[in-house]
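In: this one's sequence-less:
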């Protein structure tokens, strides 16, 4: 079946794993070539992370066997994987924030009951690894004080310090700027040259094509294809991931700009601890255009959405939404904003977008529960709500079409479509969207993007905040870049590319 | 009052402070191990009470303070294991388990005491070898547990800061996933922490009934387990500051006793209740902002679940 016939570092056969009713991994057969970079791609929920967690001993498979360097291994736990030379860099870092880099690196490999000796030895080894692979990090810095890119380097150092020869990286670029990603790939190249086997889990096809030697595609818990990277294309991989043809480029007409519907002047936000979260934000949003907000997460985008949507009042400057002036003395709450014609699809849909324990029908009217026809004489009209939800599900292709199903029972993509459908159904004149496609599969991304462009063409002013640069680039008519709570760049999408945006996102003016 | 009188009064007050603070220090060091590992221990009080009872009962029957001490530790360890079983193995709510242990201890000690000794829950008064005696200074009550408490502070600091176990303990209280992915067992680490806590609270409880006093009386811990808990928070989960908090609370307690019936110039007679309430008031006020934010271990109170 496989076109690859070389030495195998890892062989998986018949691996099967279920969580309750969810059959996450189904009879996976996989061979990882020694000393190469293997990519594993698939949509969210395709089973990539589960499969790798099984290989790392975090989950016990229900069936199947694992061979490392040709020898069968019972993965009793991560200690077993570590002993076989397997190391994993997790998507969410496994670092103790309050510890120093050195302490994090030695945790679990202290070299004796007392710390002093182990720490001294680790300090020397860390300096050597730093020189050899370009992974320099201050060993005495507290992890909480490091940038995300540096934290990831600590994770890699942790793995190398344990002498790993097989490195698994789970969505390593999800939190990095493009420049940091490029640097990561250089490090991976250096590791490969020294004979380290690398497994790269990602849903970004560009990265697969840039660094891997071979690629495996997962869909619904199965490996559906294996390819030599040199012999495949992004289009083919996308089609394999989704199971049908997908258009990766978004066709859209030039924007027909209308009047300014939302404007922010010198907007500022200082939080209760006195930290400045937003600083001198100037922004004008016109009807008929999509403005993308790019930035590494944590640079004020969340706070910007909160202030614009009325969740938090600005502490400085002025905001005008559809003619209403808002400042520190005259704040507006989200309900009033909604009445003004502003709709908000929050970044964290499970905490702010819907109530996980509510039925889909109930989640589909959140924020509008007092409005007719959903509410009459202080009572919710159940059938009207259900009918409304069914209609939204039909229009936005939410599956399964079950208004009575709990909101948490839907996949991420379908939850997002439901929230988006709810907000768009009100025909807002301003639409704020946070992370429109976080945790959403490719098929749904395509749909969501098309719907956003449709709203734009209907004259809506849309602000999209996303950490996915590709998304910002393909969706926006204009792009602003945030860094440290300020807008550090504002340019037409036509003049932007990943490199210039990346430099701005890192705080360096291009 | 002469200078000598003042000096001896201060000295006596200090010695008494140390005596009163000893069970607080022991319990606080025990609680520190548990909380550092991410297991909140509201049940310090119950463990101390149970240990106090079994220590006094055993010492009364065997006429050996050492056997009493051992029995106290075993009793506290039994409750510690119960807490661990509920919170670590079965991932139960840690506060609920701790409260349950307190209620269990309050009831069980009285029931067993009444059944065994027929003295309304009290144990017979201990004499001679049934009690831990002062080691060097006959008047000062400097029995061995006072020195153990003093030594336990640097020892706790050393274990937490300088050993492999301490590093892993701190890590498991902050980020158990990091510990698990490093190939270390989270439950085993936490069980060890909880057992250490049982050992120290056993010593603290036994001190009350067979060293400081010479019998067990119902509810004799009188909230000292909670005061120790307050001292941990007060000291921001660090051994030396927690020790300082214990001394402060002990001093307040001692001052309350000395001020009983004394007329303070300009104020009049200070109600003893007010001074007795001071540790609690101080904790509330100081924690409300004066000592800055007390940051608990991040994973404290959260059961560790590996699979979703």
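Out: Thanks, I have the structure now. It should be emphasised that the depicted structure is a prediction, and the values quoted were computed from it without experimental measurement.

In: May I see the buried residues of the longest helix along chain B?
Out: Looking across chain B with DSSP state H, the single longest helix is helix B:3-36. Buried residues in helix B:3-36, defined by neighbour count with 16 or more other CB atoms under 10 Å in any protein chain shown: B:15-36. Using the backbone N, CA and C atoms, a C-beta is placed for each residue, glycine as well.

In: separation between the residue of the stretch 1-150 of chain B found nearest chain A and residue B:28?
Out: As assessed by CB to the nearest CB, chain A sits closest to residue B:36 within the stretch 1-150 of chain B, at 11.3 Å. From residue B:36 over to residue B:28 the distance is 12 Å, taken as CB to CB, to the nearest Å.

In: Residue A:60 now?
Out: Residue A:60 sits 40 Å away from residue B:28, taking CB to CB as the criterion.

In: about what we covered before: other SSEs contacting the longest helix of chain B?
Out: In terms of contacts (3 or more CB pairs under 8 Å, 6 or more residues apart in numbering or on different chains; DSSP states H and E), helix B:3-36 is packed against helix B:44-62, helix B:144-162, helix B:164-174, helix B:186-207, helix B:224-234, helix B:239-258.

In: Tell me which of those helices sits most buried.
Out: For the helices and strands packed on helix B:3-36, the largest average neighbour count (mean count of other CB atoms under 10 Å in any protein chain shown) is found in helix B:44-62, namely a mean of 29.

In: Now do the very next helix or strand once past that helix against helix B:144-162, angle only.
Out: Counting by DSSP states H and E, the element after helix B:44-62 in chain order, helix or strand, is helix B:65-84. Orientation of helix B:65-84 against helix B:144-162 (axes from the mean of the first three to the mean of the last three CA atoms, to 10 degrees) gives an angle of 40 degrees.

In: Helix B:65-84 relative to helix B:44-62, how many degrees between them?
Out: Going by the same axes, to 10 degrees, helix B:65-84 makes 150 degrees with helix B:44-62.

In: What are the buried residues along helix B:65-84?
Out: Across helix B:65-84, burial judged by 16+ other CB under 10 Å covers B:65, B:67-84.

In: again with stretch A:328-347
Out: Residues A:332, A:334, A:337-338, A:340-347 are the ones in stretch A:328-347 that count as buried (16+ other CB under 10 Å).

In: Ok, stretch A:499-510 next?
Out: For stretch A:499-510, a neighbour-count test (16+ other CB under 10 Å) marks A:500-506 as buried.

In: mind listing what residue A:224 touches?
Out: By CB atoms under 8 Å, 6 or more residues apart in numbering or on different chains, the contact set of residue A:224 is A:217-218, A:240, A:243.

In: Try it again at 10 Å.
Out: Applying CB atoms under 10 Å, 6 or more residues apart in numbering or on different chains to residue A:224 gives the contacts A:42, A:46, A:216-218, A:240-241, A:243.

In: Which of these ranks first by neighbour count?
Out: residue A:42 (28 neighbours; other CB atoms under 10 Å in any protein chain shown).

In: quick one: that residue and residue B:27, what's the gap?
Out: Distance of residue A:42 to residue B:27, computed by CB to CB: 53 Å.

In: Excluding residues flanking it in the chain, which one is nearest residue A:489?
Out: residue A:481 (3.7 Å; CB to CB, 6 or more residues apart in numbering or on different chains).

In: count of residues packed around the one you found?
Out: Other residues near residue A:481 come to 28 when the count uses other CB under 10 Å.

In: Equivalent analysis for the one 5 residues further on, please.
Out: Residue A:486 has 18 neighbouring residues, counting by other CB under 10 Å.

In: quick one: it and chain B, what's the gap?
Out: To chain B, residue A:486 is 28 Å away according to CB to the nearest CB, to the nearest Å.

In: For that residue, give the beta-bridge partners.
Out: When assigned by DSSP bridges, residue A:486 has beta-bridge partners residue A:483.

In: Quick check: it touching residue A:276?
Out: Yes: Residue A:486 is in contact with residue A:276 according to CB atoms under 10 Å; the separation is 9.4 Å.

In: And the pLDDT at the closest residue to residue A:187 other than its chain neighbours?
Out: Excluding its sequence neighbours, the residue lying closest to residue A:187 (CB to CB, 6+ apart) is residue A:133, at 5.6 Å. Looking at residue A:133, its pLDDT is 84.

In: how many neighbours does residue A:133 have?
Out: By other CB under 10 Å, 21 other residues sit near residue A:133.

In: where does the stretch 401-510 of chain A come near chain B, residue by residue?
Out: Residues of the stretch 401-510 of chain A found near chain B (CB under 10 Å from any CB of the partner chain): none.
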